[in-house]
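Visitor: okay, sequence plus prediction incoming.
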Amino acid sequence: MCRELSPLLLTPIIFAAIFDIQVVYSVHLPTNGEYFLQIFASKTDAPKPGEVASMDGVKLKCVCKFKIVCNNMDDNMFPLPNCAPGEWGPRKANRQYMMNPVTHTKGIITADNNLKVKFSLGMPLVFLAKLKMNDINDNFFQDFVDAQYDDEHLRVKLGFPAEGQYGLDIYAKPKSAPANQPLAHACKYLINVTSVQNPIGFGLSSIENAVEQCMGCWGEQPAMEKYSIIPLTHKSWKIRLDKPTVVVKFQVPTHVTVSAHLVREPDDDYGDHLVVRREGDQTVSLSAQALKSDANYMLTVFGRQDRDDSTVFNNVFNYLIRGHLESDKS
């Protein structure tokens, strides 16, 4: 009997790249055995200029099936990074969001120590970039990803804590979209990092340690003065949640980088609902989106000087965003 590759396994073991007239699948089998591979497809209409393809679900039909027999394996096979499902490379972003790759047109990238990925934009968009590696919590890497964008360009700067294989997920939505509309997956890259100058041991994530340390320590922290960061919109650590989006702004010097983390009570990671963006030279905006009115959230803010070679971020401010139900009790 053949083994069917379940949907849960498809993403980590199959590399799919789409070109002008062909689709190439590279299948990583986990062990010896017989398998069958089903390929599903759906016809879609290309969007008109300035129009984003529909994010509604599409009905896929099985177009072909292959039997794969593996009698022996020469090497140990390792799964690909567990990124969002779909093809690798920037073509999906170009089709759906009019994002044109400037630096990297293929789905596989080889990098040393750091990497810059750049797109030119055919329409104003909002972005979120996430770096992933198997068996490592996604929160570990948020200090190593810096996505900067305006109405014409997206620049994603990546640092790497160690050698290995990473996945880069890029999410986007039109700038004109409603604030509560979640970002959709735009594209992904497979990144092979061959060398790192100052490797960091996994499991010692500075931002995770900071989150643990600041639990219950609300408001301004001592590092605020060190980095000359000043809150512009919310000086109190309590924020009442009266709409799905909360925007917090800080005055931040140009030589200081700000990062943040969002957790939904009790411990749900809501990092993909948070967009950090520098507005001008001195202002950083933190936008927490698609929040639920019957929940509480913890927004932790971190700072680091750009000229500091260390990747450690220091906790500078902690907010409690309180939903209606919790607020009514107090």
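Guide: Done, it's in. Only a predicted model underlies this, so the values are computations on that prediction, with no experimental measurement involved. Numbering: from 1, shown residues only.
Visitor: what separates the most centrally placed residue in the chain from residue 147, distance-wise?
Guide: Nearest to the centroid of the C-alpha atoms of the chain, with distances taken as CA atoms, centre = their mean, sits residue 130, at 2.2 Å. Using CB to CB, to the nearest Å, residue 130 is found at 9 Å from residue 147. The C-beta positions use only the backbone N, C-alpha and C, and glycine is treated the same way.
Visitor: just to revisit the earlier point, bridged to the residue nearest to the centre of the chain, which residues?
Guide: According to DSSP bridges, the residues that bridge with residue 130 are residue 169.
Visitor: do residue 117 as well
Guide: For residue 117, the beta-bridge partners are residue 156 (DSSP bridges).
Visitor: now do the strands in the stretch 1-150 of the chain.
Guide: Ranges of strands in the stretch 1-150 of the chain, per DSSP state E, counting those that start in this stretch, are 3-4, 14-18, 23-27, 33-41, 61-70, 99-101, 108-112, 114-121, 125-132, 145-149.
Visitor: so can I have TSV of those strands showing distance to residue 192 and mean pLDDT?
Guide: Listed next are these as TSV, based on distance: least, CB to CB, whole Å; pLDDT from 0 to 100:
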stretch	distance to residue 192	mean pLDDT
strand 3-4	28	48
strand 14-18	12	63
strand 23-27	14	80
strand 33-41	24	85
strand 61-70	24	88
strand 99-101	18	96
strand 108-112	5	93
strand 114-121	11	95
strand 125-132	13	94
strand 145-149	17	93
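Visitor: which one of those lies nearest to residue 241?
Guide: Closest approach to residue 241 among the strands of the stretch 1-150 of the chain is made by strand 125-132 (20.7 Å; CB to CB).
Visitor: show me the shaky parts of the stretch 101-250 of the chain.
Guide: Residue ranges of the stretch 101-250 of the chain with pLDDT under 70: 135, 201-216.
Visitor: 80 - rerun?
Guide: Low-confidence segments of the stretch 101-250 of the chain, defined by pLDDT under 80: 134-140, 198-217.
Visitor: check which residues of stretch 183-195 are buried.
Guide: The neighbour-count check on stretch 183-195 (16 or more other CB atoms under 10 Å) flags 183, 185-191, 193 as buried.
Visitor: for residue 184, see how far away residue 61 is.
Guide: 22 Å.
Visitor: still on that earlier bit, filter the buried residues of stretch 183-195 down to the ones in strands?
Guide: If you go by DSSP state E, these have 185-191, 193 in strands.
Visitor: between those, which is nearest residue 123?
Guide: Using CB to CB, residue 186 is the member of those that lies nearest residue 123, at 12.3 Å.
Visitor: can you give me the domain assignment for the chain?
Guide: Domain segmentation of the chain under automatic domain parsing yields 3-70, 91-195, 206-329.
Visitor: return the most buried member of those.
Guide: domain 91-195 (a mean of 18; mean count of other CB atoms under 10 Å).
Visitor: end to end, how far does that domain reach?
Guide: One end of domain 91-195 to the other measures 28 Å (CA to CA, to the nearest Å).
Visitor: and if you look at stretch 118-136?
Guide: 26 Å.
Visitor: again with stretch 119-126
Guide: End to end - CA to CA - stretch 119-126 spans 13 Å.
Visitor: can you give the distance from it to the centre of its chain?
Guide: Taking CA atoms, centre = their mean, to the nearest Å, one finds the center of stretch 119-126 at 17 Å from the center of the full chain.
Visitor: same list, the buried residues of stretch 183-195, but as TSV with distance to residue 230 please.
Guide: Formatted as TSV, these follow (distance: CB to CB, whole Å):
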residue	distance to residue 230
183	29
185	35
186	34
187	36
188	37
189	36
190	41
191	36
193	37
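Visitor: just give the closest residue to residue 302, not the sequence neighbours.
Guide: Closest residue to residue 302 apart from its sequence neighbours, by CB to CB, 6 or more residues apart in numbering: residue 313 at 3.6 Å.
Visitor: quick check, that neighbour in contact with residue 256.
Guide: No. Counting by CB atoms under 8 Å, residue 313 stays clear of residue 256, with 10.5 Å between them.
Visitor: residues that sit against both of those two, list them.
Guide: Common neighbours of residue 313 and residue 256 are listed as 303-304 (criterion: CB atoms under 8 Å, 6 or more residues apart in numbering).
Visitor: re the thing from before, tell me the one of the buried residues of stretch 183-195 nearest residue 85?
Guide: For the buried residues of stretch 183-195, the nearest to residue 85 is residue 185 (8.2 Å; CB to CB).
Visitor: now for that closest one: which residues touch it?
Guide: Counting by CB under 8 Å, 6+ apart, residue 185 touches 84, 86, 169-171.
Visitor: make it 6 Å
Guide: Residue 185 makes contact with 84, 171, according to CB atoms under 6 Å, 6 or more residues apart in numbering.
Visitor: just residue 263 next, same as before
Guide: By CB under 6 Å, 6+ apart, the contact set of residue 263 is residue 298.
Visitor: in which helix or strand does it reside?
Guide: strand 256-264 (DSSP states H and E).
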